[in-house]
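1. Below is the sequence, then the predicted model.
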Amino acid sequence: MTGNDYLMEKRLMELDPGLHRRVSDSLFALRHVLSRYLVYFPEYTDHAETHSMAVIEYCNNLMGEKRIMEMNADELYILLMACYLHDIGMGLFVKDYEEFLEHIDFGDYFETHDNITEREVIRAFHNDFSACFIEKYHEIFDIPTKEHVFAIAQTARGHRKADLYDEQAYPLTLSFGNGNTACLPYLAAIIRLGDEVNVAEDRNSKMLFNPEKYSTEKQRLENEKHRAIKRMTIYPDRIELDVKTEKQEVLTEVSNLAIKLQRTLDYCRDVVEHRTPYEITQKKIVMNMIEEEI
């Protein structure tokens, strides 16, 4: 689906040039920090600026023009900033990692996992680390109010694992004192889905085509899976994956991924249906086997 490119950015510029400028200015601070995920995860698909921009594009297409035009400037600003910052917790400095450990609810994670490394903790809870990072360094990104800090941190945290049915963590109407409110369960559901569908081979093509970079069978198979997904397209009623592979093991991995995407889609649709006045119109994940590469 095309036609919604940069729609959130364009609409924010129309509604509030000041907030749009804050987003643009924050990108200078973001570029270096986002790329730090490679310190911990050098073999991973992209989790930096290019991925963030892809998530924005997918959110644009998931919502569509009508919904975006109904959103106010604060909601657009929150979602754009959360898209850029949602993975920032994957590249922490050691001092921040040690500090943030005191502020995250790990449940029984450490009791049920032996010999856990710093890398594994960051990966498992990077959404929570991202929220902590946003809260600590919000002034660097010129986030204007404590309400915006909370909203951006929670929306970023919500891109995975977080309970979007939690009314305290994700209030239906968060007020900014200017007549605008933000619907956090909707924003978090959209970013979760937008992040989840960034699965096609263009996510990190240079890495995918460099088999020498991967030292384990799991890494090889993971990246062959993404390489097999030639295109992901968002339509108003569905999300399609165009797949080309001759390897049964890779096809199995892609099929399992499609099932996982459907579960995420169903969860996000249910959250939005039961907690907000809005809807996610896409209902199913469709996997198409293709003969020719696109």
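-> Great, that's in hand.

2. In the protein, which residue is most central in space?
-> Among the residues of the chain, residue 195 comes closest to the average C-alpha position under Cα atoms, centre = their mean, at 3.3 Å.

3. any idea whether residue 241 is helix, strand or coil?
-> Local secondary structure at residue 241 is given as strand here, using DSSP: H, G, I helix; E, B strand; the rest coil.

4. Run through this structure and note the low-pLDDT ranges.
-> For the chain, applying pLDDT under 70 flags the ranges 1-3, 35-49, 203-215, 292-294.

5. all strands for it, in order.
-> With DSSP state E as the criterion, the chain has strands at 174-175, 181-182, 229-234, 238-243, 284-289.

6. among those strands, which is the most enclosed?
-> Most buried of the strands of the chain, by mean neighbour count (mean count of other Cβ atoms under 10 Å): strand 181-182, with a mean of 22. For glycine as for every other residue, the C-beta is placed from the backbone atoms N, C-alpha and C.

7. Could you report the distance from residue 120 to residue 69?
-> Using Cβ to Cβ, to the nearest Å, residue 120 is found at 43 Å from residue 69.

8. ditto for residue 262
-> With distances taken as Cβ to Cβ, residue 262 is found 29 Å from residue 69.

9. ok, these two, which is more surrounded?
-> residue 262 (16 against 12; other Cβ atoms under 10 Å).

10. so who does the more buried one touch?
-> By Cβ atoms under 8 Å, 6 or more residues apart in numbering, the residues touching residue 262 are 284, 285.

11. Check the offset of stretch 230-237 from the chain's centre.
-> When C-alpha coordinates are averaged (Cα atoms, centre = their mean, to the nearest Å), stretch 230-237 and its chain have centres 17 Å apart.

12. Show residues contacting that stretch.
-> Outside stretch 230-237, the residues that touch it by Cβ under 8 Å, 6+ apart are 1, 58, 61-62, 64, 197-201, 239-244, 281-284, 290, 293-294.

13. Of those residues, just the buried ones, ChimeraX syntax please.
-> In ChimeraX syntax, the buried subset of the contacts of stretch 230-237 is picked out as below (16 or more other Cβ atoms under 10 Å):
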select :58,61,62,64,197,198,199,200,201,239,240,241,242,243,244,282
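
14. Mind checking which of the contacts of stretch 230-237 are in helices?
-> Applying DSSP state H to the contacts of stretch 230-237, the entries found in helices are 58, 61, 62, 64.

15. any chance of the residues you listed in CSV, with distance to residue 106 too?
-> Listed next are these as CSV, based on distance: Cβ to Cβ, whole Å:
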residue, distance to residue 106
58, 30
61, 35
62, 31
64, 38
